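Peer 1: below are the sequence and a predicted model; questions follow.
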Amino acid sequence: MTAYEIAVRIDNFGYMNDTYEYNDQIDPEQREDNILGITKFLEEKDDVVIAYLNRYADEDSPEETMIEAMNLIQMVKNFWKE
């Protein structure tokens, strides 16, 4: 899986799990720019990606959200190992 493909998944995750905050921060017309920014963080192995996902991977999140966040964290870590 490429950095861009993972970034798309992370972007979708953010939109689906915190739509209001996402819309406050990301203009729908700039969504591709957000994905490219996430891609850059992934390529640079910037821990900001893991920190963002960890916000949703705790026991205060709904179970489905927590599982998806943990799966994305694992995808990021596997990508960084490549």
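Peer 2: Structure received.
Peer 1: helix or strand with the lowest mean pLDDT in this structure?
Peer 2: helix 19-25 (a mean of 82; mean pLDDT, DSSP states H and E).
Peer 1: what comes up buried for that helix?
Peer 2: Within helix 19-25, the residues scored as buried using 16 or more other C-beta atoms under 10 Å are Tyr22. Placement of C-beta: from N, CA and C, glycine included.
Peer 1: identify the residues contacting the helix or strand that comes right after that helix?
Peer 2: With elements assigned by DSSP states H and E, the helix or strand that comes after helix 19-25 is helix 31-43. Helix 31-43 is contacted from outside by 3-4, 6-8, 10-11, 26, 46, 48-49, 76, 79-80, using C-beta atoms under 8 Å, 6 or more residues apart in numbering.
Peer 1: hmm, try it at 6 Å
Peer 2: 3-4, 6-8, 10-11, 26, 48-49 (C-beta atoms under 6 Å, 6 or more residues apart in numbering).
Peer 1: just the ones in helices from those, please.
Peer 2: Of the positions in those, 3-4, 6-8, 10-11, 48-49 sit in helices, assigned by DSSP state H.
Peer 1: I'd like to know which of these are buried.
Peer 2: 3, 6-8, 10-11, 49.
Peer 1: farthest-separated two in those?
Peer 2: Farthest pair in these (C-beta to C-beta) is Val8 and Val49. Separation: 13.1 Å.
Peer 1: distance of the residue nearest to Trp80 when sequence neighbours are not counted relative to Asn71?
Peer 2: Nearest in space to Trp80, with sequence neighbours left out and distances taken as C-beta to C-beta, 6 or more residues apart in numbering, is Lys45 at 5.3 Å. Between Lys45 and Asn71 the computed distance is 19 Å (C-beta to C-beta, to the nearest Å).
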